[in-house]
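In: This is a predicted model, with the sequence first.
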Amino acid sequence: MPGVVLPPDSALASGQGTFTATLVGPGSQTITGADVGTPGITGTMTVAVAQTVRSLKVTTPATATAGAAFSVTVVAADARGDPVTGYGGTVHFASSDTSPGVSLPPDSTLTNGQGTFTVRLTRAGPQTLTVSSADSGLTTTTNVAVTAQPASRFIVTTGTSTPTAGTSLSLSVIAQDQFGNTDLAYAGRVHFSSTDTSAAVVLPSDSALVNGQGTFTATLTKAGSQTITATDKVAAAVTGNVTVTVQPAAAARLILGAPSSARAGQSFPVTVTLTDQFGNVASAYRGAVHFTSSDLLPTVVLPADYRFTAADGGAHSFSVTLWTIGSQTITVKDTVNAALSDSHSVSVGLL
């Protein structure tokens with residue numbers, strides 16, 4: 001039997017000798033010594049071999065689903081692999097998975113050398129379960145491949161949290177289960193929507209994920225806080241979103257705001273606003289503007305050239321005074337970019 005060790009053929013000294021042997025099988029066992037040259041010369045002794053724990057046999061499934069309980073069997077075995085029925089030691093459980101939600105048995109006493117327990121792991125991937133016994137000094141580790149549960153949410157991220165209006169931004173979508181594992185088997189289709197419903201918005205078409213994840217691009221146009229949402233086409237509860245702050249694009253239009261009528265010699269307010277191509281106020285505009293008017297009287301008061309600052313946020317108010325009765329035109333232009341220009345007619349009346 002494997003594990004049995006008997007003395008080699010040996011000579012006696014003065015008719016006697018002392019030897020050592022190792023027996024494995026429990027119970028009553030015999031050892032026989034025989035003369036090699038004279039087989040009729042023999043002797044036998046009987047030994048009561050106690051059953052000894054030589055290993056902890058731990059049986060687990062090869063695979064498990066995250067969050068799902070599975071059974072673990074622990075056997076205190078002798079050298080032949082048989083349960084040591086007289087063993088009542090305590091076993092301790094540990095795992096490479098230390099995530100929240102993991103459930104391991106408390107330290108437990110084996111009954112008749114064995115016991116069945118329940119384990120729950122939550123992190124997908126290769127994990128180990130280790131069972132040890134301080135009583136016997138034995139430890140056994142087994143491997144369990146944990147797979148994700150079906151996806152219960154999407155994790156949506158972007159390459160930037162402050163995209164510029166009209167500029168594409170990258171989107172990452174990951175299908176995850178409740179424990180944060182990527183559902184590699186996710187086979188649904190993802191639909192995209194946004195709080196920005198402007199005509200020029202570009203969102204990804206309905207798409208599949210590969211191994212539970214995918215990368216896409218989107219273009220938003222309305223400045224301010226906007227949200228992009230990814231939702232499973234069939235299971236609407238599987239969803240996720242990301243919020244970005246869309247920044248205005250460069251100034252593409254200058255708008256002059258003024259009243260339709262005014263009194264000669266009385267000042268009135270006008271406002272100059274710069275917007276991008278999507279109608280967002282171009283808050284980053286730092287250009288200078290120049291005013292002219294069809295009213296050429298020397299008493300006319302027009303604003304001096306003005307350079308916008310960060311405090312303006314793309315809009316600034318001025319004061320104008322006209323004198324000539326009738327329809328007069330006020331024009332304002334960017335001092336460098338002539339395309340940024342606007343005019344407004346004001347009907348000037350008597351005081």
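Out: Happy to help now that I have it.
In: Now the element after the strand or helix carrying Lys333, going C-ward?
Out: Using DSSP states H and E, Lys333 sits in strand 326-334. With elements assigned by DSSP H and E, the helix or strand that comes after strand 326-334 is strand 341-349.
In: buried ones in that following strand?
Out: Asp342, His344, Val346, Val348 (16 or more other CB atoms under 10 Å). C-beta coordinates here come from the backbone N, C-alpha and C atoms, glycine included.
In: what's the closest of those to Ala284?
Out: Asp342 (19.3 Å; CB to CB).
In: Quick check: closest non-adjacent residue to the closest one.
Out: Leu256 (4.1 Å; CB to CB, 6 or more residues apart in numbering).
In: Now for the one you found: which residues touch it?
Out: Contacts for Leu256 were tallied using CB atoms under 8 Å, 6 or more residues apart in numbering; they are Val270, Thr271, Val272, Ile330, Thr331, Val332, Asp342, Ser343, His344.
In: Then Leu169?
Out: Thr158, Gly159, Thr160, Pro163, Thr217, Ala218, Thr219, Leu220, Val244.
In: Just to check, the third one is in contact with Thr245?
Out: No. Counting by CB atoms under 8 Å, Thr160 does not reach Thr245; the two are 9.7 Å apart.
In: quick revisit: take the buried residues of strand 341-349 and lay them out in a markdown table including pLDDT and distance to Phe308.
Out: Formatted as a markdown table, these follow (pLDDT from 0 to 100; distance: CB to CB, whole Å):
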| residue | pLDDT | distance to Phe308 |
| --- | --- | --- |
| Asp342 | 99 | 15 |
| His344 | 98 | 19 |
| Val346 | 99 | 23 |
| Val348 | 98 | 28 |
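In: With distance to Leu138 added, can I get those in JSON lines?
Out: Output for those, formatted as JSON lines (distance: CB to CB, whole Å):
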{"residue": "Asp342", "distance to Leu138": "87"}
{"residue": "His344", "distance to Leu138": "92"}
{"residue": "Val346", "distance to Leu138": "97"}
{"residue": "Val348", "distance to Leu138": "103"}
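In: Which member of those is positioned nearest Phe278?
Out: Asp342 (17.7 Å).
In: So in terms of bridging, what pairs with the closest one?
Out: Beta bridges link Asp342 to Val332 when assigned by DSSP bridges.
In: Quickly check the buried residues of strand 341-349 for the two that are furthest apart.
Out: Asp342 and Val348 (18.9 Å).
In: wait, what's in contact with the residue lying closest to Pro248 once chain neighbours are set aside?
Out: In this structure, Pro248 finds its nearest non-sequential neighbour in Asn280, 4.0 Å apart by CB to CB, 6+ apart. Counting by CB under 8 Å, 6+ apart, Asn280 touches Ala165, Thr221, Lys222, Ala223, Val246, Pro248, Ala249.
In: Equivalent analysis for Phe19, please.
Out: Contacts of Phe19 by CB under 8 Å, 6+ apart are Pro7, Ser10.
In: Now it. Its backbone dihedrals?
Out: phi -140, psi 170 (degrees, to the nearest 10).
In: How about Thr63?
Out: Main-chain dihedrals, Thr63, degrees, to the nearest 10: phi -130, psi 160.
In: Pretty sure Ser327 sits against Gly349.
Out: No. Between Ser327 and Gly349 there is no contact under CB under 8 Å: 10.6 Å.
In: ok, back up a step: between the strand holding Lys333 and strand 341-349, how many degrees?
Out: For strand 326-334 against strand 341-349, the angle by axes from the mean of the first three to the mean of the last three CA atoms, to 10 degrees is 160 degrees.
In: list the helices and strands strand 326-334 packs on?
Out: For strand 326-334, the elements it packs on are strand 253-257, strand 267-275, strand 288-293, strand 341-349, judged by 3 or more CB pairs under 8 Å, 6 or more residues apart in numbering; DSSP states H and E.
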